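> predicted structure and sequence below. I'll ask about it afterward.
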Amino acid sequence: MIVPDELYYSDTHEWVKKVDNIVIMGITDYAQSELTDVVYIELPVIGRVYKKKEIIATIESVKASSDIYVPLSGKVIEVNEHLNTNSELINSSPYENGWIAKIETDNPEEINTLLSPEQYRSLLQSKGVKN
Amino acid sequence: MIKKTALYDRLNAYKPHMVDFAGWNMPLYFRGIIPEHLNVRKAAGIFDVSHMGKLLFRLSDEVRRLFTIDIGRMTVGKAKYTMMLDSDGVIIDDMIIYRLSDELFFLVPNAYKVKAINERILTVAKTETDDLTDRLSILSIQGPRSKEIMQKIFNELDMRFYEFRILKSPCKNTGIDRIIPPDHILISRTGYTGELGYEIYCEASITTELFDALMESGKEYGMEPVGLGARDTLRLEKGYLLSGTDFNMDVTPVEANLLKYVDLEHDFVGKNSLLAKLNKSHMIITGLVMKKNKVIPRHGAELFVSNSKVGRVTSGTISPVLEKGIALGYVPSDMNVPGKEIQISIRDRLEESIIVRLPFV
């Protein structure tokens, strides 16, 4: 499983990338591989403020329906509209083209509560995921 | 201890997403469930289904009574779909049975039921069995191009649905003791996809060699390995029931709409309970298609008519061909009318679906 070094992770398998005072979020390679083929995503509402761990999106895949949690509190300022017509990007490019939302955080320090790449890799290992 | 099939290492080279299923570590998907599914519908796919049970036994009066059809009247060289019921008529498992000779039968139950079925033949029918589950492999080649792919390796493939042949194998030392002569292999015109297809039974030791030969032959037709994920969506689109999911020690062939696989002239365990249910109102399995796109029913979802709960979904997914949510579910038999509107509770909302005749595609 790919776990990029420059990202932060949640224990519910979302990733966060910090760019100045905003963060970009999506789901991890592990999460997309477990979900199987994504067929639909209900995207977050632009302008809405979400609290950390709140459900921000729902993904329907061939095998299951899964809630996606926001890793940090903040206001959604942009969503990846491409996912409306091409939700498969979450499978093929979970960390790049498959990003889900951009969020303006109110507390930049909150990012330090997330898992580091090393910690996330250990979490995956503890679940029996190889590589 | 999780088991691995003889093809495990070979399939691992394709970097599949693996899953534990009925005690076996099996590929869930390779490239993706939807692309694999569509490729089987338009070209061909190869499945490792070696986890399925494989039991050998001899005909006895007692063992005949365990099946919903009279296996003593089967033709040698033919296979049949049948079920084993308990004394209440409840389906224990469904299975394919092959008549190898006057005396010898080969039974393929679902992986999670092998022990229970084996035990039943031994104790209830007092008939000895040979459990070949770990010794044999099953490769399933399915799709409209499957015959062309198989013909490059095997002759005499002109078989009707549910016929089988014991053919000369391209691999050495393939004889399965007491079933098949050396250098031969069992091929049947069977499958779980609704497409033209074949299932090959062979010694575990030759599986990779045979797989390689089939992949080489299938290259020009676009054949690729397929995982259990697409196996499930392919069977669901055709309205085939899955043991443990669409029936799980809770329904008889009456509710599961499988009476055409029951010979009511034959004396079998569970028959009286079954007869008592006939001509009475009962629940019945049916097909449901979602009206809206992007709404996908799942196993366990409740069914409603006019805000009253009337049944539940047992299998649901998105149909890769229809690009709509489809489901199998149980409804009262008097409601089982094509076009009838049924609401399905999905993520706390009642979503509209309609009853359709199976198969979905």
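Perfect, thanks for sending it.

> so residue 34 is in which element?
As the question left the chain open, I've gone with chain A. Take DSSP states H and E as the rule and A:E34 turns out to sit in helix A:29-35.

> try again with chain B
Assignment of secondary structure by DSSP H and E places B:I34 within helix B:33-42.

> only alpha carbons, please: show that helix as CSV.
Once side chains and other backbone atoms are set aside, the C-alpha atoms of helix B:33-42 remain, and they are given as CSV (Å, rounded to 0.1, in the frame of the first residue of the first chain):
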residue,chain,number,x,y,z
ILE,B,33,-14.6,-5.7,-9.9
ILE,B,34,-16.4,-3.7,-12.6
PRO,B,35,-13.8,-4.0,-15.4
GLU,B,36,-13.4,-7.8,-14.7
HIS,B,37,-17.2,-8.2,-14.7
LEU,B,38,-17.6,-6.4,-18.0
ASN,B,39,-14.7,-8.4,-19.6
VAL,B,40,-16.4,-11.7,-18.7
ARG,B,41,-19.6,-10.4,-20.3
LYS,B,42,-17.9,-9.3,-23.5
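
> returning to that earlier point: helices and strands around the helix holding A:E34, which ones?
Packed against helix A:29-35 by the contact rule (3 or more C-beta pairs under 8 Å, 6 or more residues apart in numbering or on different chains; DSSP states H and E) you find helix A:89-92. The C-beta positions use only the backbone N, C-alpha and C, and glycine is treated the same way.

> next SSE after the helix holding B:I34?
Going down the chain from helix B:33-42, the next helix or strand is strand B:45-48, by DSSP H and E.

> which residues are contacting that next one?
Contacts to strand B:45-48, defined as C-beta atoms under 8 Å, 6 or more residues apart in numbering or on different chains, come from residues B:5, B:7, B:11, B:26-27, B:36, B:39, B:137-143, B:211, B:214-215, B:218, B:223-227, B:230-231.

> show me those residues that map onto strands.
B:26-27, B:137-142, B:224-225 (DSSP state E).

> tabulate the residues you listed (JSON lines), appending distance to chain A and neighbour count.
Shown next, in JSON lines, are the ones in strands among the contacts of strand B:45-48 (distance: C-beta to the nearest C-beta, whole Å; neighbours: other C-beta atoms under 10 Å in any protein chain shown):
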{"residue": "B:M26", "distance to chain A": "14", "neighbour count": "27"}
{"residue": "B:P27", "distance to chain A": "12", "neighbour count": "26"}
{"residue": "B:S137", "distance to chain A": "24", "neighbour count": "25"}
{"residue": "B:I138", "distance to chain A": "23", "neighbour count": "22"}
{"residue": "B:L139", "distance to chain A": "23", "neighbour count": "22"}
{"residue": "B:S140", "distance to chain A": "20", "neighbour count": "23"}
{"residue": "B:I141", "distance to chain A": "23", "neighbour count": "27"}
{"residue": "B:Q142", "distance to chain A": "18", "neighbour count": "27"}
{"residue": "B:E224", "distance to chain A": "15", "neighbour count": "19"}
{"residue": "B:P225", "distance to chain A": "16", "neighbour count": "22"}
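
> mean confidence for the helix holding A:E34?
The predicted model assigns helix A:29-35 a mean pLDDT of 97.

> contacts for whichever helix or strand comes after that helix?
On the C-terminal side of helix A:29-35, the closest following helix or strand by DSSP H and E is strand A:38-42. Contacts of strand A:38-42 with the rest of the structure, by C-beta under 8 Å, 6+ apart, involve A:32, A:57-62, A:83-84, A:87-88, A:90-91, A:100, B:34, B:294, B:296, B:318.

> give me the distance between strand A:38-42 and the centre of its chain.
The gap between where strand A:38-42 is centred and where its chain is centred comes out at 14 Å by C-alpha atoms, centre = their mean, to the nearest Å.

> re earlier: as JSON lines, the ones in strands among the contacts of strand B:45-48 with pLDDT would be great.
Formatted as JSON lines, the entries for the ones in strands among the contacts of strand B:45-48 read as follows, by pLDDT from 0 to 100:
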{"residue": "B:M26", "pLDDT": "98"}
{"residue": "B:P27", "pLDDT": "98"}
{"residue": "B:S137", "pLDDT": "94"}
{"residue": "B:I138", "pLDDT": "97"}
{"residue": "B:L139", "pLDDT": "98"}
{"residue": "B:S140", "pLDDT": "98"}
{"residue": "B:I141", "pLDDT": "98"}
{"residue": "B:Q142", "pLDDT": "98"}
{"residue": "B:E224", "pLDDT": "98"}
{"residue": "B:P225", "pLDDT": "98"}
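
> could I get those residues in TSV, plus columns for distance to B:T207?
Conversion of the ones in strands among the contacts of strand B:45-48 to TSV gives the following (distance: C-beta to C-beta, whole Å):
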residue	distance to B:T207
B:M26	14
B:P27	14
B:S137	4
B:I138	9
B:L139	7
B:S140	12
B:I141	13
B:Q142	17
B:E224	17
B:P225	13
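
> out of those, who's nearest B:G339?
If you rank these by distance to B:G339 using C-beta to C-beta, B:Q142 comes first, at 31.4 Å.

> hey, what's that closest one bridged with?
Note on B:Q142: beta-bridge partners by DSSP bridges are B:G45, B:G197.

> which strand is the longest one in chain B?
Secondary structure of chain B read by DSSP E shows that its longest strand is strand B:308-319.

> report the angle between the next helix-or-strand element following that strand and strand B:308-319.
Scanning the chain past strand B:308-319 towards its C-terminal end, the next helix or strand to appear is strand B:324-332 (assignment: DSSP H and E). Direction vectors for strand B:324-332 and strand B:308-319, defined by axes from the mean of the first three to the mean of the last three C-alpha atoms, to 10 degrees, enclose an angle of 150 degrees.

> now do stretch A:61-76: distance to the chain's middle.
Distance of stretch A:61-76 from the chain centroid (C-alpha atoms, centre = their mean) equals 7 Å.

> sweet, I'm off.
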